[in-house]
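>>> have a look at this prediction, sequence included:
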Amino acid sequence: DAGVTQSPTHLIKTRGQQVTLRCSPKSGHDTVSWYQQALGQGPQFIFQYYEEEERQRGNFPDRFSGHQFPNYSSELNVNALLLGDSALYLCASSFQAGGGETQYFGPGTRLLVL
Amino acid sequence: QQPVQSPQAVILREGEDAVINCSSSKALYSVHWYRQKHGEAPVFLMILLKGGEQKGHDKISASFNEKKQQSSLYLTASQLSYSGTYFCGTEIEGNTGFQKLVFGTGTRLLVSP
């Protein structure tokens, strides 16, 4: 049973560029949540997708956008990159967007903005 | 909104016990506990739901006080493999009416031989 997968594993970009990160959920899961984790901090909720719609969003600017495909995989797009966007980006999948469901994390994409 | 975890760090000798606390100012639907080792993704340990249901790890226990909006994670007879950073995630209602998971700042645990 494949777990949550993310690509790429590492990425280096320069300020002002745009980046797209990808996530495939665990088999049987239909909900994908994205988190940003800065060094030494806990994961910060970016947004959650269910049935191809953004269901909930954290306190992130509109530069952060996402998409969910019919096969439940998801993309996170970040435009106009800033140095402060450097972080580990984690994707977590769960079954249904209702409360009380366990979220399983992928290995993450480490983004460095120069 | 971010839950407060205590202690921030703890050092144990193998076999000792520890308690990690998590406190929120918001009404909680559930509390999730994760362990993260350096350079790795968070690994699910346990989820505690309103009404007392728990799902998770065999050798780790936890409690959830719904009225006080607090949870505690109990690590007994610690093993070297328990070392890592522990995060509680509190499930709260977001502004769209759906829940979201908000993580604390973490508790660093080091178990030495």
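It's in.

>>> not counting sequence-adjacent ones, nearest residue to A:Leu76?
In this structure, A:Leu76 finds its nearest non-sequential neighbour in A:Leu21, 4.5 Å apart by Cβ to Cβ, 6 or more residues apart in numbering or on different chains. Placement of C-beta: from N, CA and C, glycine included.

>>> A helix includes the one you found, no?
No. Counting by DSSP: H, G, I helix; E, B strand; the rest coil, one finds A:Leu21 to be strand, located in no helix.

>>> so what pLDDT did it get?
A:Leu21 is assigned a predicted lDDT (pLDDT) of 98.

>>> contact partners for it?
For A:Leu21, the set of contacting residues under the criterion of Cβ atoms under 8 Å, 6 or more residues apart in numbering or on different chains consists of A:Gln6, A:Ser7, A:Pro8, A:Leu11, A:Glu75, A:Leu76, A:Asn77, A:Val78, A:Tyr89, A:Cys91, A:Thr109, A:Leu111.

>>> how much space between the third one and A:Gln103?
Look at A:Pro8 and A:Gln103: by Cβ to Cβ, to the nearest Å, they are 22 Å apart.

>>> so which of these two has more stuff around it?
Taking neighbours as other Cβ atoms under 10 Å in any protein chain shown, A:Pro8 and A:Gln103 compare with A:Gln103 leading, 27 against 12.

>>> what residue of chain B is the furthest out?
Computed with Cα atoms, centre = their mean, the maximum C-alpha offset from the centroid of chain B is found at B:Thr96, amounting to 25.5 Å.

>>> how about it, nearest residue that isn't a chain neighbour?
Of all residues not flanking B:Thr96 in the chain, A:Gln56 sits nearest, at 5.4 Å (Cβ to Cβ, 6+ apart).

>>> what's across from that neighbour in the sheet?
With DSSP bridges as the criterion, A:Gln56 is bridged to A:Gln48.

>>> burial check on it, number of neighbours?
Taking other Cβ under 10 Å as the criterion, the count of residues near A:Gln56 is 21.

>>> right, I'll leave it there.
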